[in-house]
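Peer 1: Mind folding the following:
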Amino acid sequence: GGLAAGIQAIELGMDPKDVLIIEKQGVTGGATARSGGKILATGTKFQRAQGMIDTPKDLFEYMLSKGDGMINEEKLMKYCENSAENLYWTIEHGAHHSREPWNKTKPRLGCTPDNKPPTVVEATHSSIDRWRVHNAQGGGFMTNGDGGQVTGPLTMTYLKMGGQFTFNTAMKSLIVENGR
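Peer 2: Modelled structure (predicted):
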């Protein structure tokens, strides 16, 4: 959402002092930061490393079947076609999608009986044969969800680039003057 747009604006040449993210909460990331940190993507190097073959068309058909006729097919196809690239973009900007290093002395929810970390890519449900869920590593960054390992590093990247935030501000409308 906002973090990706802010980073992209600066990368595309906007002056960082002209890029402002207005955040409703006191921390960045919204629902993503509190989420399980799982990103659905297809055709990734992580899937290939685990011996899985998956395509954007396969993901499209799966998601369309779950949408109960409510999904915009054009937008869904664009999401599916760009899902691996978008996942890699988060990694290039600091997000971690690996379970290592692993604390082998303290068992964690989701680990195997011998306390090994779950794989980087997992199924959305045990009945699904294509594993597409890419797990963020760990939690933190003032959040209570593993999604903080996606939004936290993106926040740090944005700040290092010179981007600015206004926190605890709910934006109700946007005033445009002279096309700006």
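Peer 1: Now tell me which helix or strand of the chain has the poorest mean pLDDT.
Peer 2: strand 121-122 (a mean of 67; mean pLDDT, DSSP states H and E).
Peer 1: I'd like the next helix or strand past that strand.
Peer 2: strand 133-135 (DSSP states H and E).
Peer 1: Which of the residues in the helix or strand following that next one are classified as buried?
Peer 2: Once the chain leaves strand 133-135, the next helix or strand it forms, by DSSP H and E, is helix 148-160. Within helix 148-160, the residues scored as buried using 16 or more other C-beta atoms under 10 Å are 148-155, 157-158. For the C-beta atoms, the positions are set from N, CA and C on the backbone; glycine is no exception.
Peer 1: Check stretch 2-18 too.
Peer 2: By 16+ other C-beta under 10 Å, the buried positions in stretch 2-18 come out as 2-3, 6-7, 9-10, 16.
Peer 1: Select from those every entry located in helices.
Peer 2: Secondary structure from DSSP state H places 2-3, 6-7, 9-10 of the buried residues of stretch 2-18 in helices.
Peer 1: export those residues to JSON lines and tack on distance to Ile22 and pLDDT?
Peer 2: Shown next, in JSON lines, are these (distance: C-beta to C-beta, whole Å; pLDDT from 0 to 100):
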{"residue": "Gly2", "distance to Ile22": "8", "pLDDT": "89"}
{"residue": "Leu3", "distance to Ile22": "12", "pLDDT": "93"}
{"residue": "Gly6", "distance to Ile22": "10", "pLDDT": "96"}
{"residue": "Ile7", "distance to Ile22": "15", "pLDDT": "97"}
{"residue": "Ala9", "distance to Ile22": "14", "pLDDT": "97"}
{"residue": "Ile10", "distance to Ile22": "16", "pLDDT": "98"}
